[in-house]
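In: Please work out how this folds:
(chains A, B and C)
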Amino acid sequence: MIDSNQEAAPTSAPAATTTKSHLPGQLPGQTLSPQQRKRRPILQIKKLTKQFEAFTAVDSVDLTLYEGEIFALLGSSGCGKSTLLRMLAGFETPTSGSILLDGEELIGVPPYKRPVNMMFQSYALFPYMTVKQNIAFGLKQERLPRAEIEERVQKMLRLVHMEDYTERRPFQLSGGQRQRVALARSLAKEPRVLLLDEPMGALDKKLRERMRLELVDIINSVGVTCLMVTHDQEEAMTMADRIAIMDRGEFIQIGGPRELYENPNCRFSAEFIGSVNIFDCTLKSSNKTQSLIQAADFPNDIELAHDIDLADGMPLTIALRPEKIYISKERPQESTNWCEGTVDNIAYLGDISIYYVTLPNKRIVSSTLPNVDRFKVGLPTWDDHVFLSWDPESCIALTF
Amino acid sequence: MTTTLIGPNLSFIRRAFLRNKDRSRLRRERRARRQLRENTWRDYAVLSIPYLWMLLFFLLPFLIIFKISLSVTEIAIPPYSPLVTFEEGAMQIILHLENYTSIFYDEDWTYLRSYLKSVEVAGFATLFCLLIGYPIAWALSTCRSTWRNVFFMLVIMPSWTSFVVRIYAWMTILKKNGLINDVLIAMGIIDEPIQLLQTDFAVYIGIVYCYLPYMVLPLFSALMKVDYTLVEAASDLGCRPIRNFFTTLVPQTKNGIVAGAMLVFIPAMGEYVIPELLGGKGSILIGRILWQEFFNNRDWPLASAVSITMLAILVIPIIWFYKIQRREEKA
Amino acid sequence: MQESKRSAAIARWVILGITLTFLYLPILTLMVYSFNESKMVTVWTEFSLKWYAALFSDSAIIRALGISLTIAVLSSAAAVVIGTLAAFALVRIRSFPGESAFVLFMTAPMVLPEVVTGLALLLLFVTLGDLIPIFGDRGMLTIWIAHVTFCSAYTTVVIRSRLVELDVSIEEAAMDLGAGPIKVFFAVILPAIMPAEVAAALLSFTMSMDDLVITSFIAGPDSTTLPMLIFSSVRRGLSPEINALATIIIMVAAIGTFCAWLSMTRRQRRREADERKANQEKMAELALSHARNH
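Out: Below you'll find the model as predicted:
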């Protein structure tokens, strides 16, 4: 669906068009640094398809991974992300397509001969082996000299801070420690690509946040290219350089975390990451500097500061993130980009409050408000008549 | 039958003892992986050894037994008539049905009566085992875990000793001047020894004694999995204890009950050693008939027909047991 | 509630008490009378070890014991191999022709009446004996085959129940780290299912040692096993020598059971210790991440 190669190397110059900074691929902080652009592709997946009888798990997927990046496949369960990962590791045979690692075809190579290693969701540590034996297992298969194995195992142990636990068995370790041992084991063979299958899946919620950053630190310090699979968007956003949103065996969108959030290319992406208010609209008029859009749910127009490549009168969708909607009891001055309603419900989450506002036509719109002030008075409360407004740049116009 | 119908139970027991939230997940994953696999020549190589072994030494014997049941006895080696003969270039296939007709149209109904007797003895023995085994399994399953291990081992231990030895032990106890008669006389309940050995009572004792563990084990593992909050909920809603037992406990342990009953009933049907050693002249169970036809009368075709008929009777319970086994594996 | 719990506890002890009496009384009387001087099995005269002495000088018994042990060791070894292969196939191979028939073959020997199995196997050997002479003379080989056949059913169930609970990704991890299929089996799977292999071997050993009916059908005149010998002498009447032999068998079984119990509790204790350690680590880890968050 999407050619990832274009994503990685944007063609237009970013600096000149600051005014249109919200256009796809041109977000500040999102464009690739020159250093990144010089990176050479390491793994190329072309038209990869996997069918299980009548069911297509992975549908003609193209993907290029660049040296040293962390790439996340994000999708709900059954979207084909794990199958894709398992095809790379060699546990599934693709129906068609090719996987090139450093230009060499991987398909047909058995898993035990591929220069990629995987960290399993359950970590899959060998239960009757010590930490040290676990890490040494892969090196022993290569029949390296004993001294070298010892040296590399020590290096790995230092890398993951497990030097004091060499003789422990996996059952005697905590979840986080098991994860680090699993990581060390899969890094010990110095794989060309490291595959991570739901790396935080087996961890306690409280630990995840810390382990995410720690894992990224370790991976970056080794400099290994990394492909991870996750269903947790927060995990993908914090850990990955680039993310592919997957659904029903296809890539929906590929991009950096910020791009995916701020510039979803379709309704599915917008709804998949974060929460969003979706409005069905029709385009009234559009020129170079201004587009006017009629929403079905409220009388005022939506105004955008750029043109939309669509004929007048055509339907489109406007997506608005709740945190980009201002809520106030006073009527805005402008004639566009606002609507009114009554507060239906307030969810107090501590750091923020979510307001659920009912528009006159019963449509509910959510808006979040950071709780900056402990005892602030004058905030809208239940059944208040309120006005919701937003900046023109906040609207995401979606034609899919 | 020997000591050890413990085999199928071991899998039940493992599950009962090592309950763990991961296990069902691991089994599920394993099954899912299996569904997605493509078989390789290596898989078939692994499979072929047990497969061929079982075809050769388990399926083939039953085909042969069926074949021989259709011939008649002859004074020859082997002592039965050939099914297929070549005479003057003509191939003759002679299927004798005499053995089956003699089983069903016997003058004094020896065979039919002993089949009925076997069903009766095996059925009642199964019932006794269930009535005795259920409380034992309940007591074991609700024990504290350290005690549970100890008692569990104590209940199993006798079945690791020799089967014949256990029957022999009862022979010494049930004898005319054995322990039971001695105690009863000493207590003044009876004046002179009563006949205990060589009665149906002794046969029942023997079967219950030897087969009890096979009833207790599946019940035990079923009871370990029981959700007792259901029992509490029923009693909270006003259900009386006996009613409660039948509405909450029995349905939850149904698989254990059926598995246990099959493990006792099927082998008890063909039991030879217990009626031979403990039973009287009257307890001519079908296992004994088969043995006699084979060893004493050397009528191999008739013995084959008797065992084919026995198999026909046992097909339903065996399939039932097999279904339960498979369901347990999938659960 | 307290009241019903108390009565449940009392009921539990009463039931277990009666059960154990029922199970052990016959065995204990048997053992006591093995030390009896008198030839009358049921009349106690005085303590004596003479029946044990008689037992150990009885060459028929020693010979039968030798035969039984040989067959038991060999057939449990073979049954474990076949059971492992069968379990492995059943757990991994997606589907193959005759799968449910195969599973039925692997279940049926556990429940079929032994007279039927025994007769069937005998007739097989007689028929095969015409074609292949080694099956013709019935003896250790044919007994071994019969024992392997019914023991395999048990070993398959035992090993399979362990194998299905083995984490699939452990195999995949080993393969991912460069171990080929055979290496994966010996380096990763086999150590992980070792307890089940041992249990299966012990189970087959006792079953083979104890089998009477099937063996009686198949055994030739020179291959009398221990259970056959006991059976024929019991049929002739009670004898204190059999009491002595029975006592020894029971003691061996008791020691075996005790060892099994010991290893079971030891394993459980080790697991608990592991869990405690893991828990400690987890607590330390949580405390650390708590400290870092603030």
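In: Smallest distance to chain B belongs to which residue of the stretch 251-400 of chain A?
Out: In the stretch 251-400 of chain A, the residue that lies nearest chain B is A:Phe251 (22.2 Å; Cβ to the nearest Cβ). Any C-beta I mention is one placed from the backbone N, CA and C, and that applies to glycine too.
In: where does that residue fall, helix, sheet strand or coil?
Out: strand (DSSP: H, G, I helix; E, B strand; the rest coil).
In: Can you give me the neighbour number for it?
Out: A count of nearby residues for A:Phe251, using other Cβ atoms under 10 Å in any protein chain shown, gives 23.
In: my guess is it contacts A:Ser60, does it?
Out: No. Applying Cβ atoms under 8 Å as the test, A:Phe251 and A:Ser60 come out as separate, 9.9 Å apart.
In: just checking, A:Met118 is part of a helix?
Out: No. Counting by three-state DSSP, A:Met118 is not part of a helix but strand.
In: tally of neighbours for B:Glu74?
Out: Residues near B:Glu74, counting by other Cβ under 10 Å, number 13.
In: I figured it hits B:Ile68, correct?
Out: No. Between B:Glu74 and B:Ile68 there is no contact under Cβ under 8 Å: 11.5 Å.
In: Name the residues contacting each of the two.
Out: B:Tyr80 (Cβ atoms under 8 Å, 6 or more residues apart in numbering or on different chains).
In: bridging residues for the residue in the stretch 1-150 of chain A positioned nearest to chain B?
Out: Taking Cβ to the nearest Cβ, chain B has its nearest neighbour within the stretch 1-150 of chain A at A:Phe52, 6.2 Å off. Per DSSP bridges, the residues bridged to A:Phe52 are A:Phe55.
In: Give me the neighbour count for it.
Out: For A:Phe52, using other Cβ under 10 Å, the count is 13.
In: got a pLDDT number for it?
Out: We note a pLDDT of 86 for A:Phe52 in this prediction.
In: how many neighbours does A:Gly274 have?
Out: 16.
In: So stretch C:84-99, near chain A or not?
Out: No. Shown here: stretch C:84-99 not in contact with chain A (Cβ under 8 Å from any Cβ of the partner chain), separated by at least 11.4 Å.
In: tell me which residues of that stretch are tucked away?
Out: C:Thr84, C:Leu85, C:Ala86, C:Ala87, C:Phe88, C:Ala89, C:Leu90, C:Val91, C:Arg92, C:Ile93 (16 or more other Cβ atoms under 10 Å in any protein chain shown).
In: Which positions in the helix or strand where B:Val46 lies come out as buried?
Out: Element membership for B:Val46 (DSSP states H and E) is helix B:41-54. Neighbour counts over helix B:41-54 (16+ other Cβ under 10 Å) mark B:Asp43, B:Val46, B:Leu47, B:Pro50, B:Tyr51, B:Trp53, B:Met54 as buried.
In: Could you find the closest non-adjacent residue to C:Ile93?
Out: Excluding its sequence neighbours, the residue lying closest to C:Ile93 (Cβ to Cβ, 6 or more residues apart in numbering or on different chains) is B:Asp43, at 4.8 Å.
In: these two touch, right, the one you found and C:Ala89?
Out: Yes. B:Asp43 is in contact with C:Ala89 according to Cβ under 8 Å; the separation is 6.8 Å.
In: pLDDT below threshold where in the stretch 1-150 of chain A?
Out: Within the stretch 1-150 of chain A, the segments meeting pLDDT under 70 span A:1-38.
In: How about the residues of it by chain B?
Out: A:Phe52, A:Glu92, A:Thr93.
In: 7 Å - rerun?
Out: Within the stretch 1-150 of chain A, the positions near chain B by Cβ under 7 Å from any Cβ of the partner chain are A:Phe52.
In: Now do the helices in the stretch 1-150 of chain A.
Out: With DSSP state H, counting those that start in this stretch as the criterion, the stretch 1-150 of chain A has helices at A:4-8, A:34-37, A:81-89, A:131-141, A:146-159.
In: Quick one: name whatever helix or strand follows the last one.
Out: Using DSSP H and E, the helix or strand that directly follows helix A:146-159 along the chain is helix A:175-187.
In: got the angle between that following helix and helix A:131-141?
Out: Put simply, helix A:175-187 runs at 20 degrees to helix A:131-141, going by axes from the mean of the first three to the mean of the last three Cα atoms, to 10 degrees.
In: What lies in contact with the helix or strand following helix A:175-187?
Out: Once the chain leaves helix A:175-187, the next helix or strand it forms, by DSSP H and E, is strand A:193-197. Here strand A:193-197 makes contact (Cβ atoms under 7 Å, 6 or more residues apart in numbering or on different chains) with A:42-43, A:65, A:82, A:85, A:88-89, A:101, A:116-121, A:186-187, A:219, A:224-229.
In: hmm, back to that, quick check: of the buried residues of stretch C:84-99, which lies closest to chain A?
Out: C:Arg92 (13.0 Å).
In: separation between the residue nearest the centre of chain B and A:Leu139?
Out: The residue lying closest to the centre of chain B (Cα atoms, centre = their mean) is B:Pro267, at 3.0 Å. As judged by Cβ to Cβ, to the nearest Å, B:Pro267 and A:Leu139 stand 53 Å apart.
In: distance between the ends of stretch A:89-106?
Out: Using Cα to Cα, to the nearest Å, the end-to-end distance of stretch A:89-106 comes out at 9 Å.
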